[in-house]
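>>> Mind folding the following:
(12 chains)
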Protein chains: 12
Amino acid sequence: MNFLLLNGPNLNLLGKREPGIYGSESLDSIEKNLLELSEKEGILLDCFQSNSEGLLVDRIHQSIGKTDAILINAGAYTHTSIALRDALLSADTPYIEIHLSNTHSREGFRHKSLLADKAIGVISGFGPMSYYLAFQGAVDYLRKK
Amino acid sequence: MNFLLLNGPNLNLLGKREPGIYGSESLDSIEKNLLELSEKEGILLDCFQSNSEGLLVDRIHQSIGKTDAILINAGAYTHTSIALRDALLSADTPYIEIHLSNTHSREGFRHKSLLADKAIGVISGFGPMSYYLAFQGAVDYLRKK
Amino acid sequence: MNFLLLNGPNLNLLGKREPGIYGSESLDSIEKNLLELSEKEGILLDCFQSNSEGLLVDRIHQSIGKTDAILINAGAYTHTSIALRDALLSADTPYIEIHLSNTHSREGFRHKSLLADKAIGVISGFGPMSYYLAFQGAVDYLRKK
Amino acid sequence: MNFLLLNGPNLNLLGKREPGIYGSESLDSIEKNLLELSEKEGILLDCFQSNSEGLLVDRIHQSIGKTDAILINAGAYTHTSIALRDALLSADTPYIEIHLSNTHSREGFRHKSLLADKAIGVISGFGPMSYYLAFQGAVDYLRKK
Amino acid sequence: MNFLLLNGPNLNLLGKREPGIYGSESLDSIEKNLLELSEKEGILLDCFQSNSEGLLVDRIHQSIGKTDAILINAGAYTHTSIALRDALLSADTPYIEIHLSNTHSREGFRHKSLLADKAIGVISGFGPMSYYLAFQGAVDYLRKK
Amino acid sequence: MNFLLLNGPNLNLLGKREPGIYGSESLDSIEKNLLELSEKEGILLDCFQSNSEGLLVDRIHQSIGKTDAILINAGAYTHTSIALRDALLSADTPYIEIHLSNTHSREGFRHKSLLADKAIGVISGFGPMSYYLAFQGAVDYLRKK
Amino acid sequence: MNFLLLNGPNLNLLGKREPGIYGSESLDSIEKNLLELSEKEGILLDCFQSNSEGLLVDRIHQSIGKTDAILINAGAYTHTSIALRDALLSADTPYIEIHLSNTHSREGFRHKSLLADKAIGVISGFGPMSYYLAFQGAVDYLRKK
Amino acid sequence: MNFLLLNGPNLNLLGKREPGIYGSESLDSIEKNLLELSEKEGILLDCFQSNSEGLLVDRIHQSIGKTDAILINAGAYTHTSIALRDALLSADTPYIEIHLSNTHSREGFRHKSLLADKAIGVISGFGPMSYYLAFQGAVDYLRKK
Amino acid sequence: MNFLLLNGPNLNLLGKREPGIYGSESLDSIEKNLLELSEKEGILLDCFQSNSEGLLVDRIHQSIGKTDAILINAGAYTHTSIALRDALLSADTPYIEIHLSNTHSREGFRHKSLLADKAIGVISGFGPMSYYLAFQGAVDYLRKK
Amino acid sequence: MNFLLLNGPNLNLLGKREPGIYGSESLDSIEKNLLELSEKEGILLDCFQSNSEGLLVDRIHQSIGKTDAILINAGAYTHTSIALRDALLSADTPYIEIHLSNTHSREGFRHKSLLADKAIGVISGFGPMSYYLAFQGAVDYLRKK
Amino acid sequence: MNFLLLNGPNLNLLGKREPGIYGSESLDSIEKNLLELSEKEGILLDCFQSNSEGLLVDRIHQSIGKTDAILINAGAYTHTSIALRDALLSADTPYIEIHLSNTHSREGFRHKSLLADKAIGVISGFGPMSYYLAFQGAVDYLRKK
Amino acid sequence: MNFLLLNGPNLNLLGKREPGIYGSESLDSIEKNLLELSEKEGILLDCFQSNSEGLLVDRIHQSIGKTDAILINAGAYTHTSIALRDALLSADTPYIEIHLSNTHSREGFRHKSLLADKAIGVISGFGPMSYYLAFQGAVDYLRKK
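As a prediction, the model looks like this:
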């Protein structure tokens, strides 16, 4: 099984800025932990972060046919990018939407996701733990299928 | 540590009706699995389901001072009950909002939650797995605090 | 054939209060007339009224597998209860939405029904006659199926 | 007693097109059945169908002073014609709004009726049976007055 | 100078129905009074009433090149007919919008006019006097031009 | 008979500024013309203009019991002043709403009047002629009453 | 004179939870104070609190014909319960809407009351004092009638 | 303790006009009664009424530093004046919003208050009694502080 | 193959009025050009224009079973006629929506089409060329099917 | 060159109240600084503050023909006064909209300005510095013209 | 004559993914066909596709002064990119908006285009044929100019 | 002190295209002028322009810890980019929002800024002068802090 972990804009700053909202664990650390978890489960995990909507779309295109599930924290693009939605739908790979913070507690424009209705599921608010729960959700989803 | 699992209206039918939307595992089975998980973690888990908004409010009141986290799938009341929101806020117990189905893929009136903005986090779309992920999320949340 | 007649909040007052809006026939009288009609048609009719959303949900659950059609005047819950909608959809029993008054002539919040789009049909405005017409509509619907 | 049955645009195609939505009974057949019912009740029934908003308005004008109730399935004009509403209000004849399909299950622009709030009542979703129920509703309404 | 007086749906009933809203003067009488006024001013006045949107459009087309001003009470079509708006704009004849009743005191859907923003002016609420005022307004407008 | 002519903010500039929108006749000239018209009709006309909402309210209060009709061009206050509306309703004097320009052709915030629904009628778009038409409308209205 | 004091969901927690919003006086204490006030005024006061919408509706039904005024703090149901509104209107007993906190300073969904427009009046923001003021308001209202 | 009673536009007409909405007690009489009440409580009460938004703002400015509570019935300005809101916030004096009528039963534009969310509380619907209740509410509020 | 070309209200004026918006080619000329194009492609083309919504509906009914594609410029009815939509859906003939002008550059009420979502496609803004492109689009569509 | 500095309601309190929002510099001090700046630039500067909408309108009228630019901080009237907008447009003097605070960070009703779209430009958020920047902006604007 | 063909995000997948929505012809094939068409017409055609909003903006900038028409299928950016709109307006090159699918039949957020109102015209729903029709539309448009 | 000047999409065309909206000064010239101003003030100024949202986010990240203020004209991204907002908030550097044109006079979608509420302040409408004013505003802001 192959998984792709996608992180959108500003998530490269994780752990370095605004720990009150996003926690103090860095993206590197989260990726390392997920790679360990993957290894245990016999899953190949690919990680990619970009601040560019276009590069994220490109990366999804490259994954087509080689990926069983996408774990995606699209950050701000969750709320503004129809291009990402279209890329995910074209890829036709099951995906899980992840948020570190509870988006419902924040500004109104973060309450609407352009990705959520086509996702397997959504996990938000648990900080880095959101990623680990999403990983398990994806494994469980694919095993049951 | 003490947890309370609350299930709202129609969730007693779980596994019996509309498996296309809600899956085929019964609420009994989910509760049994969660009790096992709890035991392993040394957590006391209390389970309650009701179709009545008032009884759910009553149950939250009873839990005050004896509960460290509430796992709640409020079902239809997620979208209509300010009374449940007020009960949870009065209890001042951290809670996690759970949904079996991905509410974003369903009718418009299910897109707004009256509980989400005050929850630790929200997990939706993973079927019964939503409960197990929420359980882990709660354990992780409390251990870190 | 088995029918279930459900009446929601405040309909126990029928004939006693606000005859200008709801007419002067009591719920007892309507139920008696419907029971007579049922007998003639060889239909077993069960009647239930409650002011509690939860008890109405419970009653729908009990009817599962034993009921061919539900005639429901959900009163105020027509406009506020997603829980009733979910119960009716879980039951998967054809149902008809009934209103004594013409809801379109009343306050704006009565113009939207949470039950109507999944009903066989809707009858409103005919006073107690709404029930008798709904009864015939249900008989006709089931005979044709 | 004199009744007028009005059918609006596209209802001349009844039974010929889109039976999945509108059923397979033709307008001719419905009119014949209603004429029989009328005869039994000692009622004179006039039937008129037109695809033209203006001709429907004209027909309502002609009925003034000679009609005790109007049964109207205004089809698409239900949602767009203030002129029909004005004609019905000018005529000051009690009328019943009829729909073959359940308009609440269809496109959003069919959820609002420009006629409903001034009608005796509304019956929708029962296919041709909607007409027969409306006929009985009208008879009952006038007998009680 | 040539004027065209256009009256839309249901205005043929003027004086006969709903005098509480529309007054007791008939359209015939209003037209006669306006013809007298026209004669005095040396204006040729043409009068046309129809319940059909299409015929009103046709009539406006016929008037092109032969009419200096249109006085129009489009009745219900004021609020629903873009076709009439387009016809008036194509004709490029100055026009005045007339209403017998004060549309602002009535149903919400009468508050928006599809003709008003391109009219010379709007006169509403004065009963038949609205026509006579509009006539004077048109004469004054053309004399000043 | 006593009439009161009220002009709101910026109407003292009439004829001096923005003739493209408001015409080139001054308020003085309009008032003179109206006084002449009044004299002919045996009506006492009082004229008042103010840029202050409060003074306009005061002036309406003073007119109570001594005025048969108010002709009011409230200018910008038409769209923002509930206080003026309340003053007019308290005075219980019939009033006519006047606009020089066609408010429907201008900014969206000029499309809603807070005075119109309680006025006898509204006249807009005829420039100074709007006042003379309103004067006649008022005379006609009171003579008929 | 007979009064009924109704308290809705979560108000049983008064004084025990969230004193920052609701103050530190318990519901018991408020009821005791009101009973004393009642006694002085020669009024029989009945007190009832429930977290269940249905039981509150039931209680209002029981009060019909035996109650001169209802003092109601419907809590969260103020904003969601048409059933309570219908019960109060069926009872046809004058009622006063009470809020401990100033609902206008809180979440948007607390700004709309389904009960207020049919109440004698509304008192909000004074903590327990809201009840005592409402009591006086009711006495004054009934004495004047 | 010093109190300021502010009354906004049209309230000088109290008792003289529209008694059906506002009651038959004059503002003079209300002020006299409140002065008596004040005297008993050892409070200095200042009364001011104006139809001018600007003068009301001026009056609030003058009260700064000399006033412990403001009782304000801003009338129509409640719904349109951000300037009054700003003046009250600048003054930083606790204030109570008063309405004679129940604003929720009236036009939609009276349902939104620009002052309410920053007030101690709101009292509406009790006629002149609203003032006396507000007075007591203010006394109680300040005594408790 | 048989095609039907339908033109709605005011399109008979094409080339005669408002060339700035609609161009200077007449409808006759467009129809002639399309007839030539049809002949070359071996297609029978029928042309119909009407200002009447009802007649357009009638014409669509007549075409049922004899037409392979409808090219329709419904003009103003594009935005107001559900009756035309229903007629086209009943006919179950593929159709293409045509506009001479770019409707997106015009008034807001022209931005919503009641026909577009069920059309094969929409072509707008090319003047008469819109018709020729639509013709080719229809030929291509049917050849590929 | 002549400039007019206009300050609206509550700005006379500048520096005295709510320094957290508006800073601690008084309006006197700002005016003095601007007068110095003006002198250096050879500009005559007139300053006017009022809490009254009407007096601000009057002051703009007086400035007509004698003023090259208006610097206006209309305070609360920015969001509510169409009368001020009309006065500025009648004056046809270029003007700059100034705000001490960043209005976008405050209540929703401060996000819409009725003056901004016709201003040269808008400067907000810099405290008293907003005035000095606006002054320079006006000088630059007029020099370039 | 020089044309530029621009394709936005995910259109590189054309023909490879979701043929049900977008057809089975690849972008390469469409570009080849258009190049052949161009050659025949003596037009130089440049083709560019990118998933990056910024690169599409860059490409439009490069085309300035060397391009007579732009054919653009901006894909998802049609609905979200004001930057593309600004680039096209800066370039001041006539452009045509193209869509393979009928955007009106899809999700609500695809119904609004940020490019359409400034385009020559829009063609949507014809699959690859949309490009060929747009090409002809552009040729026709430029030849006529 | 270090400043960063950021310019978003299409601003590289400044002075070359659409001078009617954006003026005739090039970005190069503006940057040169600002560099001179900076030198005089002893400030290091870094300039960056990009058409890519992602590169602008990247550039903000690089500036973290080395920049005291950001002057940003985000162009079209002002209205669509939550990613830029998040980058600016993560950087926690004070920033000023700049616009050449008065965005309030343009299309509705330019009236909402996703950056403004967290900026120190906003300056719009002064052409290149907006940059120089913003520069001074930033200097003043930092000196006062």
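>>> Stretch A:91-111: how far from the chain's middle?
Mean-position distance between stretch A:91-111 and its chain equals 9 Å (CA atoms, centre = their mean, to the nearest Å).
>>> got it, and stretch A:66-86?
7 Å.
>>> Over to stretch A:115-133?
Distance, stretch centre to chain centre, for stretch A:115-133: 7 Å (CA atoms, centre = their mean).
>>> how about that stretch: buried residues?
Neighbour-count burial for stretch A:115-133, counted by 16 or more other CB atoms under 10 Å in any protein chain shown, picks out A:115-133. All C-beta spots, glycine's among them, are computed from the backbone N, C-alpha and C.
>>> how about the helices in chain A?
A:19-22, A:27-41, A:53-63, A:77-80, A:82-91, A:129-144 (DSSP state H).
>>> In TSV, list the ones you listed along with mean pLDDT and distance to F:H79.
TSV is the format used below for those (pLDDT from 0 to 100; distance: least, CB to CB, whole Å):
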stretch	mean pLDDT	distance to F:H79
helix A:19-22	77	42
helix A:27-41	97	53
helix A:53-63	98	42
helix A:77-80	98	35
helix A:82-91	97	38
helix A:129-144	97	49
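>>> So which of the ones you listed is nearest chain F?
helix A:77-80 (27.1 Å; CB to the nearest CB).
>>> and the closest one with chain B, contact?
No - judged by CB under 8 Å from any CB of the partner chain, helix A:77-80 and chain B are separated, with a smallest distance of 11.6 Å.
>>> Share the number of residues neighbouring the single nearest residue of chain A relative to chain L, please.
Chain L sits closest to A:S52 of chain A, with a gap of 2.8 Å, by CB to the nearest CB. Other residues lying near A:S52 total 25 when counted by other CB atoms under 10 Å in any protein chain shown.
>>> Distance of it relative to D:S38?
According to CB to CB, to the nearest Å, A:S52 and D:S38 sit 73 Å apart.
>>> try A:S101
Applying CB to CB, the value for A:S101 to D:S38 is 68 Å.
>>> same thing with A:L142?
Here A:L142 is placed at a distance of 65 Å from D:S38 (CB to CB).
>>> The two: which is more packed in?
Per other CB under 10 Å, whichever of A:L142 and D:S38 has more neighbours is D:S38, with 20 against 15.
>>> Now do the contacts for the more buried one.
Residues near D:S38 by CB atoms under 8 Å, 6 or more residues apart in numbering or on different chains: D:3, D:44-45, D:135.
>>> picking that back up, select, out of the helices of chain A, the one closest to B:H79.
helix A:77-80 (21.0 Å; CB to CB).
>>> Contacts made by the closest one with the rest, please.
Looking at helix A:77-80 with CB under 8 Å, 6+ apart, the contacting residues turn out to be A:8-9, A:53, A:56, A:84, A:97, A:99, A:103, A:109-110, A:112-115, K:80, L:80-83.
>>> Mark which of these are buried, thanks.
When those are checked for burial by 16+ other CB under 10 Å, the buried set is A:8-9, A:53, A:56, A:84, A:97, A:99, A:103, A:110, A:113-115, K:80, L:80-83.
>>> Which part of chain A gets nearest to chain I, residue-wise?
For chain A, CB to the nearest CB, closest residue to chain I: A:I82, 18.2 Å.
>>> for that residue, what are its contacts?
Contacts of A:I82 by CB under 8 Å, 6+ apart are A:114, K:76-77, K:79-80, K:109-110.
>>> Might one say that A:I43 is in contact with A:M1?
Yes - the pair A:I43 / A:M1 is scored as a contact, 4.7 Å apart, by CB atoms under 8 Å.
>>> Comparing these two, which shows the higher neighbour count?
Taking neighbours as other CB under 10 Å, A:I43 and A:M1 compare with A:I43 leading, 19 against 15.
>>> which residues touch the more buried one?
A:1-3, A:139.
>>> try A:I123
By CB under 8 Å, 6+ apart, the contact set of A:I123 is A:96-99, A:130, A:133-134, A:137, B:121-123, B:133.
>>> give me the beta-bridge partners of it?
Under DSSP bridges, the beta-bridge partners of A:I123 are A:I98, B:I123.
>>> Next one: it from chain G, what distance?
Counting by CB to the nearest CB, to the nearest Å, the gap from A:I123 to chain G is 25 Å.
>>> Next: A:S113.
21 Å.
>>> and what of A:I72?
31 Å.
>>> near chain E, which residues of chain A?
When proximity is defined by CB under 8 Å from any CB, chain A lies next to chain E nowhere.
>>> Tell me the residue of chain A that sits nearest chain E?
For chain A, CB to the nearest CB, closest residue to chain E: A:G108, 27.3 Å.
>>> That residue: how many residues sit nearby?
6.
>>> So A:Y132 sits against A:L34, correct?
Yes - using CB under 8 Å, A:Y132 is in contact with A:L34, at 7.2 Å.
>>> just to revisit the earlier point, so which of the contacts of A:I123 would you say is closest to F:S29?
A:H99 (67.6 Å).
>>> Skipping adjacent residues, who's closest to A:I96 in space?
A:A134 (4.6 Å; CB to CB, 6 or more residues apart in numbering or on different chains).
>>> ok, now which ones touch the nearest residue to A:S24 once chain neighbours are set aside?
Excluding the flanking residues, the one nearest A:S24 by CB to CB, 6+ apart is A:G15, at 5.4 Å. For A:G15, the contact set (CB under 8 Å, 6+ apart) comprises A:22-27, A:29.
>>> Among those residues, give me the pair with the biggest separation.
Of all pairs drawn from the contacts of A:G15, the greatest distance, 12.7 Å, lies between A:Y22 and A:S29 (CB to CB).
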